[in-house]
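K.L.:
Any chance you can model this:
(one chain, ligands or ions: 2)
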Amino acid sequence: MAFEAESIVTLCTSDLAGQVRGKGFPARDLEKRRKFGVGWTPTNSMINCFGSIQATPWGALGDLILTPDPDGDVRLDYDDAPVEHFILGDIKTLDGQPWSCCPRSFLRRALADLKAETGLNLLAAFEHEFHYDAADDRVGDSYSIGSLRGVEEFINELIGALRANGIQPDTFLPEYGPRQFEVTIDPADGLAAADHAVKLREITRALGRRHGGHVSFSPVVTRGAAGNGVHIHFSFTDDQGNPVTYDPDGPGGLSRQAASFSAGLLRHARALCALATPSVMSYERLKPHSWSAYWTNLGLRDREATLRICPVPEDPSVDVAKRYNLEYRAADAAASPYLQLGMLVYAGLAGIREELPAPIIGQEDPETLSVEERAARGITTLPQSLEEALQALEGDAKALSWLGPELAEAYIMHKRGEIGMLKGKSTDEICQLYTEVY
Ligand code: GLU
Ligand code: MG
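P.N.:
Ligands and ions are numbered 1, 2, ... in the order given. I've put the predicted structure just below:
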């Protein structure tokens, strides 16, 4: 060649659609770009998951800057293929202020408000399930070691690539559904935890493609089979880093603040769905008895509760306070992890502000309770469609106020546009489309 090939770096945002989009530049300009970023446009936020802008509050107007975060880098350094290097960042106004519709800045604000008002730091870990079409689909393979065969290189490179990018893998397993897998990682501070979720999804997709298959995190890939959930585990520490989620004398072991936080979460769970389970397909997953979530309940070790108190080994050598955590199950990977976690934080913070008592901790399927018993416990169903979730958000003045008027308007417009594009399509066609894009 009469020239040398040059690699690029892509500066990215994980956007309202939960998609990672950005602009690249020659890798040799990296230091300059770390300082000045790349230009960005408000209406880019209205590109929905199908790559279409159905409506926009801004039109062609406005300029923003996408600036890289010092912890935003992902490098996939292959021996036998060009490096993939992207950097996550924040969208700012030209004078360097966080832009009102930047999802990452929204989470930053939520975590700062939590800290300022309560002294709490949030630790979180996003647990992901996904479908990999290069794996075998054999009858009876659920959880079976056989389903790992033939995809070992993909799995091994995935684990190595996560670690090389500062994400500590915890488990990798064949899941219940056909060609379904799960990967869990160690908890991290709130913003880093959401960054890890974004990075993990892209790393998994990149390696899946490298090994000849398509990874999909879409909430439902195989209709009638197990869905792909995102389960958000969280706990709190105080200023000194001490765990403060657990109190042996609290209901279910919840500390006073964790109890109120849980109550706030469940009170706003219907509105949260608009951001945490934000696709038309998400509601095919949130069906009763599908081990996802259906009722707005807090369950002790109940894998169908919206909020679950996770088990801790009952062994004297175990520091229960350190291990104790909650799991929010009404979430999936069609969402921006920043919007998901930010809304979770604000809903929980609202519960702490109001000093809400702990929700009643059920040990039974809420379906077996009478209508009156459910009402007495404040248990209702989650929305049954994205449109219902958007209406729940519009009807929840507090939830709207956490987003702020500009982000709320843009987000709802974005999602209604997405719904509109699917009108007239069959559920199978919709399933196929989401499988491709997530
Ligand atoms: N696949 C289920 C979901 O959609 C979760 C199964 C499990 O508990 O791991 O959330
Ligand atoms: Mg699972």
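K.L.:
Return the residues of the stretch 201-350 of the chain in contact with ligand 1.
P.N.:
226, 227, 229, 285, 291, 292, 303, 329 (C-beta under 6 Å from any ligand atom). C-betas here are computed from N, CA, C, even on glycine.
K.L.:
how close does the most centrally placed residue in the chain sit to residue 348?
P.N.:
For the chain, the residue nearest the mean C-alpha position is residue 337 (3.4 Å; C-alpha atoms, centre = their mean). Distance, residue 337 to residue 348, using C-beta to C-beta, to the nearest Å: 16 Å.
K.L.:
Report the buried residues of stretch 118-134.
P.N.:
118, 120-132 (16 or more other C-beta atoms under 10 Å).
K.L.:
hmm, that stretch touching ligand 1?
P.N.:
Yes: using C-beta under 6 Å from any ligand atom, stretch 118-134 reaches ligand 1 at residue 129.
K.L.:
Closest residue of the stretch 201-350 of the chain to ligand 1?
P.N.:
Nearest to ligand 1, among the residues of the stretch 201-350 of the chain, is residue 229, at 2.4 Å (C-beta to the nearest ligand atom).
K.L.:
List the buried residues in stretch 58-76.
P.N.:
Of all the residues in stretch 58-76, those buried under the rule 16+ other C-beta under 10 Å are 64, 65, 66, 67, 68, 69, 72, 73, 74, 76.
K.L.:
now do stretch 311-329
P.N.:
Buried positions in stretch 311-329, judged by neighbour count with 16+ other C-beta under 10 Å: 312, 321, 324, 325, 326, 327, 328, 329.
K.L.:
pretty sure the second one is in a helix, no?
P.N.:
Yes: according to DSSP: H, G, I helix; E, B strand; the rest coil, the state of residue 321 is that of a helix.
K.L.:
my read: residue 143 touches residue 178, true?
P.N.:
No: with contact defined as C-beta atoms under 8 Å, residue 143 does not reach residue 178; the gap is 11.8 Å.
K.L.:
that older thread, tell me which two in the buried residues of stretch 311-329 are the farthest apart.
P.N.:
321 and 329 (22.8 Å; C-beta to C-beta).
K.L.:
so which of the buried residues of stretch 118-134 comes closest to ligand 1?
P.N.:
Using C-beta to the nearest ligand atom, the buried residues of stretch 118-134 come closest to ligand 1 at residue 129, 5.3 Å.
K.L.:
Torsion angles phi and psi at that closest one?
P.N.:
Main-chain dihedrals, residue 129, degrees, to the nearest 10: phi -110, psi 150.
K.L.:
Leaving out the residues flanking it, which one is nearest to it?
P.N.:
residue 228 (4.2 Å; C-beta to C-beta, 6 or more residues apart in numbering).
K.L.:
got the residue ranges for the strands in the stretch 51-200 of the chain?
P.N.:
Assigned by DSSP state E, counting those that start in this stretch, the stretch 51-200 of the chain shows strands spanning 64-76, 84-92, 121-132, 169-174, 180-185, 188-189.
K.L.:
Out of those, which is closest to residue 386?
P.N.:
strand 121-132 (20.0 Å).
K.L.:
strands paired with the closest one, and their directions?
P.N.:
strand 180-185 (antiparallel), strand 188-189 (antiparallel), strand 215-216 (antiparallel), strand 230-237 (antiparallel) (DSSP bridges).
K.L.:
which bits of the stretch 51-200 of the chain sit near ligand 1?
P.N.:
Near ligand 1, when you scan the stretch 51-200 of the chain using C-beta under 6 Å from any ligand atom, you find residue 129.
K.L.:
For the stretch 301-438 of the chain, which residues score under the pLDDT cut-off?
P.N.:
Within the stretch 301-438 of the chain, no stretch has pLDDT under 70.
K.L.:
Please enumerate the helices of it.
P.N.:
320-323, 337-353, 371-376, 386-394, 397-403, 405-421, 427-437 (DSSP state H, counting those that start in this stretch).
K.L.:
wait, what's in contact with residue 86?
P.N.:
9, 10, 11, 12, 20, 22, 73, 74, 202 (C-beta atoms under 8 Å, 6 or more residues apart in numbering).
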